[in-house]
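S.K.: sharing a sequence plus its predicted fold:
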Amino acid sequence: MVELPCRHILVASDGSADSERAFAYGLALALLGHGRLTLLHVMPLGAGDGSPALGRDEQVRWLDGGLGEMERRAAAAGVKGLRVLRETGLEYSRILERCEVEEVDLLVIGSAGWGGAESLGEVADRVVRLAGCSVLVVRQGPASKEIG
């Protein structure tokens, strides 16, 4: 069996369908490679006043329940070194900073987030271009019963 070179996987999640699938991939890869898993949510800043941009009720509800559910699923699956981080700031910048600080081998991110764009979303696009680690971009599609 070939060992995966991913000792530390970071999943950036915003509660969108794409990020839910990204979590499923990140969880599966962490289990296969016996690696650490970090879940990160960055709440974007508001209109220049430094306050969190909580305009979407879905994001607020997800922060209350969805991120905790991901944490419970990962813990129940036996992921070692599980961390959950909630931060506020410019999304792509905070994701890149956390990847560097945490010495992440693989970043897993959804392709479009809440925007649901057909192409790569703005945050994912910037992260792919600027990341110092490998990046797996997960698109929304048919869910696999084997993942997550």
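M.R.: Nice, I can see it.

S.K.: how many residues are close by H41?
M.R.: Residues lying near H41 (other Cβ atoms under 10 Å) number 23. The C-beta positions use only the backbone N, C-alpha and C, and glycine is treated the same way.

S.K.: what about R126, is that helix, strand or coil?
M.R.: With DSSP: H, G, I helix; E, B strand; the rest coil as the basis, R126 sits in helix.

S.K.: what backbone torsions are found at the residue nearest to it when sequence neighbours are not counted?
M.R.: Excluding its sequence neighbours, the residue lying closest to R126 (Cβ to Cβ, 6 or more residues apart in numbering) is Y92, at 4.1 Å. Y92 has phi and psi values of phi -60, psi -40 when expressed as degrees, to the nearest 10.

S.K.: over to A131?
M.R.: Main-chain dihedrals, A131, degrees, to the nearest 10: phi -70, psi 140.

S.K.: that older thread, okay, the residue nearest to R126 and R36: tell me how far apart.
M.R.: Look at Y92 and R36: by Cβ to Cβ, to the nearest Å, they are 22 Å apart.

S.K.: the residue nearest to R126 is in contact with A131, isn't it?
M.R.: No: if you go by Cβ atoms under 8 Å, Y92 and A131 don't touch, sitting 9.4 Å apart.

S.K.: so between those two, which is more surrounded?
M.R.: The neighbour comparison of Y92 against A131 (other Cβ under 10 Å) goes to Y92, with 22 against 18.

S.K.: can I assume H41 sits in a helix?
M.R.: No: under three-state DSSP, H41 falls outside any helix and is assigned strand.

S.K.: could you tell me the per-residue confidence at it?
M.R.: Note for H41: predicted pLDDT of 89.

S.K.: if we can go back for a sec, need the contact list for the residue nearest to R126.
M.R.: When contacts are counted by Cβ atoms under 8 Å, 6 or more residues apart in numbering, Y92 touches E122, V123, R126, V127, L130.
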